[in-house]
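Chemist: Sequence and predicted structure, then a few things I'm wondering about:
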Amino acid sequence: MSDPVTIIMIEDDEGHARLIERNIRRSGVNNEIIPFTNGTAAVNYLFGKDGSAVERKGHALLILLDLNLPDMTGIDILKRVKENKYLKSTPVVVLTTTDDSQEIKRCYELGCNVYITKPVNYESFANAIRQLGLFFSVIQVPPASV
């Protein structure tokens, strides 16, 4: 039996973070969600004390990543995750307000698995997150490389 997937949510807007978590829960996903409101705290958690991410080895993670963070860009986090030998197979879902085609292309080139533009309308946003939660309930996530 595999360990449950831990969702790492990196979202600086606390209103969006609450909406995301609430609607993921409404879709029936009960996995642990660890929220971070800035990139530094998320990077420290993901990569650990020595910066190698060895502490995450064997843990199944899924990262929900906003690109627009107060202290660093989500692109920088995505790049570091996908270049790390322990975290590179971790699915990364970019969930952001940016709908620039060049930014989307860059995220996919760096290894993001899904890119979602946050709808501006509240109900559309809530519905998109519920659908994302349904997606989470059926995907298979490998543990961080051992």
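Modeler: All right, it came through fine. Predicted, not measured: the structure shown is a model, and the values here were computed from it.

Chemist: ok, residue 59 touching residue 143?
Modeler: Yes: counting by Cβ atoms under 8 Å, residue 59 touches residue 143, with 6.0 Å between them. Any C-beta I mention is one placed from the backbone N, CA and C, and that applies to glycine too.

Chemist: so where is this protein shaky, pLDDT-wise?
Modeler: Regions of the chain meeting the criterion pLDDT under 70 cover residues 1-3, 146.

Chemist: mind running it again at 80?
Modeler: Counting by pLDDT under 80, the ranges of the chain that qualify are 1-3, 119, 133-146.

Chemist: which residues touch the helix ranked longest in it?
Modeler: If you go by DSSP state H, the chain has its longest helix at helix 122-138. Helix 122-138 is contacted from outside by 5, 7, 16, 19-20, 23-29, 31, 62, 93, 95, 114, 116, 118-119, using Cβ atoms under 8 Å, 6 or more residues apart in numbering.

Chemist: List the buried residues for stretch 99-118?
Modeler: Burial within stretch 99-118, assessed by neighbour count using 16 or more other Cβ atoms under 10 Å, is assigned to 103-104, 106-107, 110-113, 115, 118.
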